[in-house]
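Asker: model the following, please.
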Amino acid sequence: MISPKVITGHTGWTDDLDFVFAHKDKVCNSMKKQKPHDPNAPYDGYDEREDTEINARSVRLEKIEPVTDNIKSAYHASKDIYDDVLTQGNVLSKMYMSFFWQGTDDREVAQRILKYIPDDFRGQILDVPVGTAVFTEKKWRSLKNAAIMCLDYSDDMLEKAKARLGDCNHITFVQGDVGQLPLADNSCDIVLSMNGFHAFPDKNKAFRETFRVLKPGGQFIACFYIKGKNKRTDWLVHRILSKKGWFTPPFPTEDQLLKILDRLYLQTDYNADGSIAYFRCIKGE
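Answerer: Predicted coordinates:
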């Protein structure tokens, strides 16, 4: 039996062929002049922080893992400061949001998008990723006639959410991947995704899966980072947040996002606050 190993460059090797060929639908046109770098091309999912010349010359290649494992590590490391950063719970987080995010207040954005959900809502809600439920706790507790699934890839985030909402009988908690949602087609009335898509490694899969599980006439409600709105924010995301594993490229521009939403959904109520897009979409019947 053949067990191929793929050398990924300076970074290492892998035997996970599904991982290696995750973007096999893209081909290189050798008859056309190529750009040194195409910002719209899909990323291969590898963590290339150690891909340096000195490592190529002197470090033994180790087996590498997909970016999703780096995401778990990143959110494990930040689990105790996550809420403070998002809610501007201290002076440093307020300065961070003001300087790098143009003063965008995640608390206000969360309030706006949660208003899309009626206070007397009855039906199935998928919250992906739930994070720590720092913004949704009050809303989810109040919707006692709804069935809410809180899903997150990070065990640490999920444990924080359980600590907040674990006593609610109408809420379930699932560790899972947005790229392979454990739900049937057309099973959800609402899919909520707050601050998630900029972390998802395969955004195309995430869009397809959230669309798949949504019922016709259902609502897709989300907010996340979009590039091209502010140079300082883009620098932060590219140079720090992506390298640390909290965000995962590629990221859509506003125009690219609107094209995706228009292609998938019948109706879109779209807004942007600085570099954060927030919207509600309706799936066609």
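Asker: contact partners for the residue nearest to Lys215 when sequence neighbours are not counted?
Answerer: Nearest residue to Lys215, sequence neighbours excluded (Cβ to Cβ, 6 or more residues apart in numbering): Asn186, at 4.8 Å. For the C-beta atoms, the positions are set from N, CA and C on the backbone; glycine is no exception. The contact partners of Asn186, by Cβ atoms under 8 Å, 6 or more residues apart in numbering, come to 212-216.
Asker: stretch 137-148 spans what distance, first to last residue?
Answerer: Taking Cα to Cα, to the nearest Å as the measure, stretch 137-148 stretches 12 Å from start to finish.
Asker: on the three-state scheme, the residue nearest to Lys215 is what?
Answerer: coil (DSSP: H, G, I helix; E, B strand; the rest coil).
Asker: swap in the one 4 residues further on?
Answerer: Three-state call for Ile190 (three-state DSSP): strand.
Asker: so it bridges to which residues?
Answerer: Ile125, Gln219 (DSSP bridges).
Asker: repeat for Asp269
Answerer: Taking DSSP bridges as the rule, Asp269 bridges to Arg280.
Asker: what's the local residue count around it?
Answerer: 12 (other Cβ atoms under 10 Å).
Asker: go on, Pro4?
Answerer: By other Cβ under 10 Å, 7 other residues sit near Pro4.
Asker: quick one, phi/psi of it?
Answerer: phi -70, psi 150 (degrees, to the nearest 10).
Asker: show me where the stretch 151-285 of the chain dips below the pLDDT cut-off.
Answerer: The stretch 151-285 of the chain contains no residues with pLDDT under 70.
Asker: can you tell me how far the closest residue to Leu181 other than its chain neighbours sits from Gln180?
Answerer: When the adjacent residues along the chain are set aside, Leu181 lies closest to Glu209, with 4.8 Å between them (Cβ to Cβ, 6+ apart). Distance, Glu209 to Gln180, by Cβ to Cβ, to the nearest Å: 7 Å.
Asker: tell me which of these two has more neighbours.
Answerer: The neighbour count for Glu209 versus Gln180, taken as other Cβ under 10 Å, is higher for Glu209 (21 against 9).
Asker: okay, now the domains of this protein?
Answerer: Following automatic domain parsing, the chain resolves into domains at 1-65, 77-282.
Asker: those domains: which one's closest to Ile71?
Answerer: For the domains of the chain, the distance to Ile71 is smallest for domain 77-282, at 5.5 Å, taking Cβ to Cβ.
Asker: what's the span of that closest one from first residue to last?
Answerer: Span of domain 77-282 from end to end, Cα to Cα: 36 Å.
Asker: give me phi/psi at the residue nearest to Lys215?
Answerer: phi 60, psi 40.
Asker: coming back round to it: pick the most deeply packed of the domains of the chain.
Answerer: Most buried of the domains of the chain, by mean neighbour count (mean count of other Cβ atoms under 10 Å): domain 77-282, with a mean of 18.
Asker: chain center to that domain, what's the gap?
Answerer: A distance of 7 Å separates the C-alpha centroid of domain 77-282 from that of its chain, computed with Cα atoms, centre = their mean, to the nearest Å.
Asker: skip the chain neighbours and tell me the closest residue to Lys160.
Answerer: Leaving aside its sequence neighbours, Lys160 sits nearest to Thr132 (Cβ to Cβ, 6+ apart; 3.7 Å).
Asker: to clarify, my last question referred to Leu266.
Answerer: Per Cβ to Cβ, 6+ apart, closest to Leu266 is Gly284, 3.9 Å.
Asker: distance of that neighbour from Ile125?
Answerer: Going from Gly284 to Ile125 by Cβ to Cβ gives 20 Å.
Asker: what's the pLDDT at Asp84?
Answerer: At Asp84, the pLDDT value in this model is 75.
Asker: spit out the contact partners of it.
Answerer: Shown in contact with Asp84 (Cβ under 8 Å, 6+ apart): 90, 93.
Asker: wait, a helix at it?
Answerer: Yes. Under three-state DSSP, Asp84 falls within a helix.
Asker: identify the residues contacting stretch 193-200?
Answerer: With Cβ under 8 Å, 6+ apart as the test, stretch 193-200 has contacts from 71, 86, 106, 110, 113, 127-129, 131, 135-136, 178-179, 203, 206, 210, 220-225, 237, 246-248, 251.
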